[in-house]
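A.B. asks: here is the input, now give the coordinates:
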Amino acid sequence: MTRKVIPIGEPEGKLGVLVCGLGAVATTFIGGVEAIRRGYAQPIGSLTQMGTIRLGKRTEKRVPKIKDFVPLADLSDLVFAAWDPIPDNAYEAARKAGVLEPSLLDEIKDFLEPIEPMAAVFEQRFVKRLKGKNVKKGKTKMDLAEQVMEDIERFRRASGAARLVMVWCGSTESFLEESPVHQSLAAFEKGLKSNSPDIAPSMIYAYAAIKSGAPFANGAPNLTADIPALVDLAVQDQIPVCGKDFKTGQTLMKTILAPGLKARLIGLRGWFSTNILGNRDGEVLDDPGSFKTKEESKLSVLEYILQPELYPELYKDFYHKVRINYYPPRGDNKEGWDNLDIFGWLGYPMQIKIDFLCRDSILAAPLALDLALFLDLAQRTPQMARRGIQEWLSFYFKSPMHAPGLYPEHDLFIQLMKLKNTLRYLRGEELITHLGLEYYD
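C.D. replies: Model (predicted):
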């Protein structure tokens, strides 16, 4: 059966990548791309650069790299800009973050130093542990949004970028619930003009990005583009959006292990998780308001994967606790420790213990790259762009955006199948179901 090939525009010209926040994640992402371009390292962890995709039957042995299967922007065409309340350029910020080795940073210093952060939209009450002097001023939040749009247009002209994407790599904002100002575009724009306290800086960036024609990805757990007002704007202007909260570290392990427990019908009595982290993200999350935002994102994963309403004997009322502890000596090298109390045949108890010594920004940087390239692909695909929310990119997030009335899919393996089947669909290839009966007919 021949499937229809979906029209996709070619990635001609430069792709401008606008990054909100120039801390550990952003500098590891930007510096890493340059190191890869110069041949100093490999793009480990990047699906767009190293991943493959099976096409057709197993016997056909067609397994191209994803970057050879769909028309993605080449790394050589990426140009960068960023906002941050701290005025350090990308080289200085990367040195302070302490993720990439100084010897590597010195090799790419000539590339990083000219990347100076534009003045940021910043409100102290949303990120209580950070202070900065590189901050925009305006009478209203609409003034600030217009200043961000001016920054975007200035960067577009100066860099010669043919297309743009924006990725939030900034700190976790204090917990915020949906309110009336978020329910419609008219209410939201009125709130921008009247300085509504329920409009966070990240929402201002998302609004400015969509209005400027730049797809937006939210790498933090903030309530941002996942409000009706901005989803409606994205659909109206046909701009892809996705989020939220990069799936790294401890939650990545949960979305790998929990599907395995459910697949084998192994019960769970409790899952205790604690983290120690010493970078800027750890400092921000030391504030209870910011931690609550992160906690909500982390806690939701197991409920959706294990589906206790369908398996009450196995998962009803399991105890789930998450803690994050700021520990400066650890820097970006986070440690995630998990204890699982599980039970099996006849209810006999067992335990699993995980000690994940990971590097938070090293895990996040390839996600930022993939999202920039995949969002650009979606923007060049009218059928995808007009949907607004790009649920096929759930693979990258702890709290993936989804259509109203749907539950989010958290199972990492289902997410990956969805992503790859979306790419097959775009190129007119048969979707893979793994049924395989034809091999035995």
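
A.B. asks: so who does residue 348 touch?
C.D. replies: Contact analysis of residue 348 by Cβ atoms under 8 Å, 6 or more residues apart in numbering lists nothing. Just so you know, the C-beta spots here come from the backbone N, C-alpha and C atoms, and that holds for glycine as well.

A.B. asks: distance-wise, check it relative to residue 267.
C.D. replies: Relative to residue 267, residue 348 is positioned 10 Å away (criterion: Cβ to Cβ, to the nearest Å).

A.B. asks: residues in contact with residue 355?
C.D. replies: Under the criterion of Cβ under 8 Å, 6+ apart, the contact partners of residue 355 comprise 335, 336, 337.

A.B. asks: list the contacts for the second one?
C.D. replies: When the contact criterion is Cβ under 8 Å, 6+ apart, the partners of residue 336 are 249, 250, 253, 273, 274, 275, 354, 355, 356, 358.

A.B. asks: rerun at 10 Å
C.D. replies: With contacts defined as Cβ atoms under 10 Å, 6 or more residues apart in numbering, residue 336 is in contact with 248-254, 273-277, 324, 354-358, 360.

A.B. asks: please indicate which of those residues are buried?
C.D. replies: Taking 16 or more other Cβ atoms under 10 Å as the criterion, what is buried in those is 248-254, 273, 275-277, 324, 358, 360.

A.B. asks: out of those, who's nearest residue 422?
C.D. replies: residue 252 (20.8 Å; Cβ to Cβ).

A.B. asks: rewinding a little: now for residue 348 and residue 267: what residues contact both?
C.D. replies: With contacts defined as Cβ under 10 Å, 6+ apart, the residues adjacent to both residue 348 and residue 267 are residue 342.

A.B. asks: for the residue nearest to residue 170 when sequence neighbours are not counted, phi and psi?
C.D. replies: In this structure, residue 170 finds its nearest non-sequential neighbour in residue 21, 3.0 Å apart by Cβ to Cβ, 6 or more residues apart in numbering. For residue 21, the backbone dihedrals (degrees, to the nearest 10) come out as phi 100, psi 130.

A.B. asks: look at residue 21 and say how many residues are nearby.
C.D. replies: Applying other Cβ atoms under 10 Å, we find 27 other residues in the vicinity of residue 21.

A.B. asks: also residue 58?
C.D. replies: With neighbours defined by other Cβ under 10 Å, the count for residue 58 comes to 12.

A.B. asks: chain center to stretch 17-27, what's the gap?
C.D. replies: Relative to the centre of its chain, stretch 17-27 is centred 12 Å away, using Cα atoms, centre = their mean, to the nearest Å.

A.B. asks: averaged pLDDT, that stretch. What do you get?
C.D. replies: When pLDDT is averaged along stretch 17-27, the result is 97.

A.B. asks: before we move on, what about stretch 419-430?
C.D. replies: With pLDDT averaged residue by residue, stretch 419-430 scores 97.
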